[in-house]
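Trainee: Below are the sequence and a predicted model for it; my questions follow.
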Amino acid sequence: MEKNSTGSKEVVLQGNEACAKGALYAGCRFFAGYPITPSTEIIEMMSGEMQKAGGAFIQMEDEIGSACAIIGARWGGKKAMTATSGPGYTLMQEAIGFAAVTETPIVIVNVQRGGPSTGQPTLSSQQDIYQARYGSHGDYSIIVLAPSSVQEMYDFTVRAFELAEQFRTPVILLADEVIGHMREKIKISDGSKTIRSAKQKYVVSPQADFFQGENTLVEGQLHDIMGRRIGHIATKSGEFITNINKKIDDHVDVIADIDTYFMDDADVAIVAYGSVARPAMNAVKLARGIKDDRIIPKFKILRDLFKKGVQETIQTDYSHLQVGMVKINTVWPFPEELLREATRDVDVVIVPEMNVGKYSREVERVLKDKTVIPMSKCGGDIHTPSEILDEILKEVGVDE
């Protein structure tokens, strides 16, 4: 463990452990959950750390109870979180809709694994990308963050709590098994009881917690600003549905977040999120001739070149490939304007993801003037840099 002068310390953590640490730093003081691979380490760490931080931990009988418990805890005045994987996340959908309609700020972590059903408990996927956006019935908007590193598991968890409070909405941290179980050196807050001090700019009125002198009705029917039921009044119900969508959709500029790499002169762009952004970044570097001896010998195309003793071919053959990358951090609401601006001068967009090609459909909807190439991969294995590089070379017409 290394400490520095900025009030942070450097530690080596697993992604799931970093998520738990981030939640504590964000002020989470209630956690309810049910163990499920590959998110169990979050629950395990919370069970030990929550009481030390002055909060409460409860293992529920299932994921339905877990999601309902954190809704109740938040109305009781405590920031609250649960964590699960695909099967459990499916069970939480009605509660997510209830949190949306009651405007309850909670955080739900989904460390994805292969599905459907029990699927692949120990392998990764990005198959829940649509369920994160549209899982519960009815019309609502939601905020979903997708970390690509252990550091982002920590940082994005903190941001999830801040966004939840700012917009009074459930926020989903959509991780995956690769990120949840990898270990990296990261920077975290120095002190287990330190709580991040954030200046909130509330988009809607801050929540009036129970027992604070407010007469509050919290239930699943549509309601007006005073909490009165309006489900039987079509015009007012329509206004309510419009408002719970607009509070997010009209503030995409505040919520949306992307990172861009080598996009200044790019003709081809990789759009990726979550763990797949990691091999995608390596593929971009390889295409541009940026050598890394720790990586290159592993990949078939370039390994063969090394065997022939023509390492310089990497630079001369591939350095002209103007490839960049857009890493999507906020997958929902979809960052339309940011993506359009980032890919303004790009002709081809390749979208690798560990599902049947779901998010690429959204990219194609927004970038109608581009050639959008889905690069789906199912079965539990993440894309390799060489696979993505092969696709890049094919699209630009380079015969490797």
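Mentor: In hand now; what should we look at?
Trainee: which residue is nearest the middle of this protein?
Mentor: Residue closest to the average C-alpha location in the chain (CA atoms, centre = their mean): residue 146, at 1.7 Å.
Trainee: what about residue 115, neighbour count?
Mentor: 18 (other CB atoms under 10 Å). For every residue, glycine as well, the C-beta is placed using N, CA and C.
Trainee: burial count for the nearest residue in space to it that is not next to it in sequence?
Mentor: Closest residue to residue 115 in three dimensions, ignoring its sequence neighbours and counting by CB to CB, 6 or more residues apart in numbering: residue 86, at 4.8 Å. Neighbours of residue 86 under the rule other CB under 10 Å: 26.
Trainee: Provide a list of residues in contact with residue 86.
Mentor: Counting by CB atoms under 8 Å, 6 or more residues apart in numbering, residue 86 touches 110, 112-115, 119, 125, 127-128.
Trainee: Mind picking the one among those residues that's closest to residue 171?
Mentor: Nearest to residue 171, judged by CB to CB, of the contacts of residue 86 is residue 110 at 11.4 Å.
Trainee: Could you measure from that closest one over to residue 250?
Mentor: Here the criterion is CB to CB, to the nearest Å. By it, residue 110 lies 26 Å from residue 250.
Trainee: Can I get the contacts of residue 86 in CSV including distance to residue 392, secondary structure and pLDDT?
Mentor: Shown next, in CSV, are the contacts of residue 86 (distance: CB to CB, whole Å; DSSP: H, G, I helix; E, B strand; the rest coil; pLDDT from 0 to 100):
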residue, distance to residue 392, secondary structure, pLDDT
110, 30, strand, 98
112, 26, strand, 98
113, 28, coil, 98
114, 26, strand, 97
115, 29, coil, 96
119, 30, coil, 96
125, 23, coil, 98
127, 24, coil, 98
128, 27, coil, 98
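Trainee: those strands in the stretch 301-400 of the chain, which residues are they?
Mentor: 323-328, 330-332, 348-353, 371-376 (DSSP state E, counting those that start in this stretch).
Trainee: could I get those as a markdown table with distance to residue 225, mean pLDDT and mean neighbour count?
Mentor: Formatted as a markdown table, these follow (distance: least, CB to CB, whole Å; pLDDT from 0 to 100; neighbours: other CB atoms under 10 Å):
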| stretch | distance to residue 225 | mean pLDDT | mean neighbour count |
| --- | --- | --- | --- |
| strand 323-328 | 34 | 98 | 25 |
| strand 330-332 | 26 | 98 | 23 |
| strand 348-353 | 40 | 98 | 25 |
| strand 371-376 | 42 | 98 | 18 |
